[in-house]
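Enquirer: Quick one: sequence plus predicted model below, questions after.
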Amino acid sequence: MKTYLRLEILSHDRMGIVLDILKKVYENNISIHSLEVFPNKVYIKVETLEEAEKKLNIVKNLLSINGVLKVRDIELLSCEKNERRLRAIIDAVQDGILAINQKGEVELFNNYCETIFHTKRENIVGKNIKELLGFDGPIINLLKTGENYNNIEVFKRNNDNNNSFHYITSGRSVKDDKGKTIAAVASLKDINEAIEMSNAITSKEEFVFKDIIGNSSSIVKTKNICSSVAKSNSTILLRGESGTGKELFARAIHKLSSRADRNFIAINCAALPDNLIESELFGYVEGSFTGATKNGKDGLFKAADNGTLFLDEIGELSLPLQAKLLRILQEGTIRKIGSTVEEKVDVRIIAATNRNLEDMIKKNTFREDLYYRLNVIPIYIPSLRERIEDISMLVNFFIKILNKQMGKNIKGTEMEFIEELVKLSWPGNIRELKNVVERAMNLCHGYFLTKENLLMDFQKAANHEIDSENHGFNFKLKDVVEAAEKKMLISAMQNYKSYRKAAKALGVSHTTIVNKLNKYGINFH
Ligand SMILES: Nc1ncnc2c1ncn2[C@@H]1O[C@H](COP(=O)(O)OP(=O)(O)OP(=O)(O)O)[C@@H](O)[C@H]1O
């Protein structure tokens, strides 16, 4: 191992003094390893000189330079001290820390990264981050955009567990004097440690439900029911209108169950044709049908073994598939398409529907026996109409998310914006509310969403009112009058496509039409 001599040279701050020092070192036939220059101070690092005499000589020669005051041995150059201090700091952290250059090559990293990447440090240094991760991590985007990020989940699942990867990462850009991103630094926290930390300060329930927004009594009650039934293995049937968050609740139940560290697999029974659902659910053996891949394929039941299978829109399943599903639920075994072998699977089923299954049974489109198998624990997810007090909280939640996605800086809403939303009947529930907020954010040029930014779908808005009548809600007379007024306004504007003509048809002034459209947040463009 090479050893080094390090010298500190104290001097007057004179122009050309560094050049004189370099010349002297050169004349003594010594090659410099590192050089650090400060006002009144120069540090040099050279290979250890074998003969003491040579060392004495160089010191003497350096002292002979005009302006040099003192020369002494030191243990480390100040840049070395800083680097070692930094290493000690990053190695003391129980997260992965790495820095990459503009090409994406790892230049600096701490010991923990060896655990993360399942490899030794010599295989990490200089390696491209994409190669190490096996995918484009957010740090690559940071290099391109220069935008810092916080707490993004990065996930890679591999059959070989040693190559699996599940971390929470935050990234910071390193900029040059002109503000151009020249490098990036990221920290990586193991997901289990992140969960453990979070659990230490919030309860598991709080953590799991943190993205299910709302504290109305109906949603709180639903969350409580979900927590208490999560622990068992019983089949759950989630009922509720479209967009009420059934899938979110299904995921939450899975995360609160003892199966949390196994797969949660979701399939939408309405999205695929019958034959595809069957092969997706049960898998198939080689050559079982035209187009089947070589070696066959495992189905989702198998993938969800020891985990949870979420069967969304169960009401759309055809009768033959209902019969097959029933058999699996009864026997706990699956048979791949084209196979005669029964395989045991341990899967918790959470089904969901917005259909009236009881009606379907009467019409013979849903099997009664399957219904009873699924309806072990029915949970009703309340519609947005039933919890309008959550609207404001949900709107603010979506503003936060969409600000990031749209690069906006909306700070909130004006009171009237929420007041308008509360009046609507929301057949599309939370999904629809999110769209409305997104549209309003597109139209908003200030910091707060105003009712002028509300852009409702005409057809839908008209239908909402009809819907609300059919639902027979307990509207106050004022609400009913407003609903009728709104319906007529929409219909007149659709027919006449001009404020003046609509005003004439309704027997009011042009200004009244404009004011009322504004009042109801109806944009007519
Ligand atoms: N309480 C909530 N807080 C925050 N976001 C929510 C909430 N409920 C639903 N969402 C969001 O609304 C959208 C629809 O939710 P989800 O898909 O879970 O509804 P669903 O009831 O399963 O709908 P469908 O019946 O149409 O499949 C998703 O983007 C979801 O994240």
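Expert: Happy to help now that I have it.

Enquirer: list the contacts for Leu142?
Expert: Residues near Leu142 by C-beta atoms under 8 Å, 6 or more residues apart in numbering: Asn148, Tyr149, Gly171, Arg172, Ser173, Thr181, Ala184, Ala186. In this view, the C-beta of every residue, glycine as well, is placed from N, C-alpha and C.

Enquirer: and the residue in the stretch 101-250 of the chain that the ligand sits nearest to, how many neighbours?
Expert: Residue nearest to the ligand within the stretch 101-250 of the chain: Gly245 (2.7 Å; C-beta to the nearest ligand atom). Gly245: 23 surrounding residues under other C-beta atoms under 10 Å.

Enquirer: List only buried entries from the contacts of Leu142.
Expert: Among those, the ones that count as buried by 16 or more other C-beta atoms under 10 Å are Tyr149, Gly171, Arg172, Ser173, Thr181, Ala184, Ala186.

Enquirer: Count the neighbours of the closest residue to Ser227 other than its chain neighbours for me.
Expert: Nearest non-adjacent residue to Ser227, counting by C-beta to C-beta, 6 or more residues apart in numbering: Glu205, 5.2 Å away. Other residues within reach of Glu205, judged by other C-beta under 10 Å, total 16.

Enquirer: The one 5 residues further on too?
Expert: Counted with other C-beta under 10 Å, residues neighbouring Lys210 total 11.

Enquirer: same thing with Phe135?
Expert: Residues near Phe135, counting by other C-beta under 10 Å, number 11.

Enquirer: what does Ile168 give?
Expert: Count around Ile168 with other C-beta under 10 Å applied: 21.

Enquirer: residues in contact with the helix or strand containing it?
Expert: Assigned by DSSP states H and E, Ile168 falls within strand 165-175. Residues from elsewhere that reach strand 165-175 (C-beta under 8 Å, 6+ apart): 96, 99, 116, 133-134, 137-139, 142-143, 146-158, 181-192, 194.

Enquirer: what do you get for stretch 213-232?
Expert: Residues outside stretch 213-232 that contact it (C-beta under 8 Å, 6+ apart): 205, 209, 212, 236, 249, 252-254, 256-258, 377, 379-382, 386-387, 389-390, 393-394, 397.

Enquirer: May I see the buried residues of it?
Expert: Quick answer for stretch 213-232 (16+ other C-beta under 10 Å): Ile213, Gly214, Ser216, Ser218, Ile219, Thr222, Lys223, Ile225, Cys226, Ser227, Val229, Ala230.

Enquirer: Restricting to those, which residues neighbour the ligand?
Expert: Contacts with the ligand within those, counted by C-beta under 6 Å from any ligand atom: Ile213, Gly214.

Enquirer: Please report phi then psi for Val93.
Expert: With angles defined as degrees, to the nearest 10, Val93 sits at phi -80, psi 140.

Enquirer: Check the one 5 residues further on too.
Expert: The phi and psi torsions at Leu98 (degrees, to the nearest 10) take the values phi -140, psi 150.

Enquirer: isn't it right up against Leu108?
Expert: Yes - between Leu98 and Leu108 there is a contact under C-beta atoms under 8 Å: 6.7 Å.

Enquirer: which SSE is Asn82 in?
Expert: Going by DSSP H and E, Asn82 is in helix 78-92.

Enquirer: residues in contact with that helix?
Expert: Ser34, Glu36, Phe38, Tyr43, Lys45, Leu76, Ile97, Leu108, Asn110, Asn111, Tyr112.

Enquirer: In this structure the residue of the stretch 101-250 of the chain closest to the ligand contacts Tyr380, no?
Expert: No - checked against C-beta under 8 Å, the pair Gly245 and Tyr380 is beyond contact range at 11.9 Å.

Enquirer: Which pLDDT does the model give Lys434?
Expert: Model confidence at Lys434, given as pLDDT, is 95.

Enquirer: mind checking the SS state of the closest residue to it other than its chain neighbours?
Expert: In this structure, Lys434 finds its nearest non-sequential neighbour in Phe398, 5.1 Å apart by C-beta to C-beta, 6+ apart. Here Phe398 is recorded as helix under DSSP: H, G, I helix; E, B strand; the rest coil.

Enquirer: Repeat that for Pro378.
Expert: State at Pro378, reduced to three classes by three-state DSSP: strand.

Enquirer: For it, which non-adjacent residue is closest in space?
Expert: Closest to Pro378 by C-beta to C-beta, 6+ apart is Leu237, at 4.8 Å.

Enquirer: How about the one you found: which residues does it bridge to?
Expert: Per DSSP bridges, the residues bridged to Leu237 are Ala351, Pro378.

Enquirer: Now for it: which residues touch it?
Expert: The contact partners of Leu237, taken as C-beta under 8 Å, 6+ apart, are Ile314, Ile350, Ala351, Ala352, Thr353, Leu374, Asn375, Val376, Ile377, Pro378, Ile379.

Enquirer: Of the buried ones among the contacts of Leu142, just say which sits nearest to Lys54.
Expert: Lys54 lies nearest to Ala184 out of these, by C-beta to C-beta, at 44.9 Å.

Enquirer: Setting aside sequence neighbours, what's the nearest residue to Phe117?
Expert: Of all residues not flanking Phe117 in the chain, Leu132 sits nearest, at 5.2 Å (C-beta to C-beta, 6+ apart).

Enquirer: For the one you found, report the pLDDT, please.
Expert: Looking at Leu132, its pLDDT reads 85.

Enquirer: Then Lys497?
Expert: In this model, Lys497 is scored at 80, pLDDT.

Enquirer: Give me the three-state assignment for the residue nearest to Phe117.
Expert: Here Leu132 is recorded as helix under three-state DSSP.

Enquirer: Okay, it and Thr119: tell me how far apart.
Expert: For Leu132, the distance to Thr119 equals 8 Å [C-beta to C-beta, to the nearest Å].

Enquirer: which bits of the chain sit near the ligand?
Expert: By C-beta under 6 Å from any ligand atom, the part of the chain that sits against the ligand consists of 211-214, 240, 242-248, 312, 352, 354, 394, 397, 430-431, 434.

Enquirer: let's go with 5 Å and repeat that
Expert: Contact residues (C-beta under 5 Å from any ligand atom) of the chain with the ligand: Ile212, Ile213, Ser242, Gly243, Thr244, Gly245, Lys246, Glu247, Leu248, Asn354, Ile430, Arg431.
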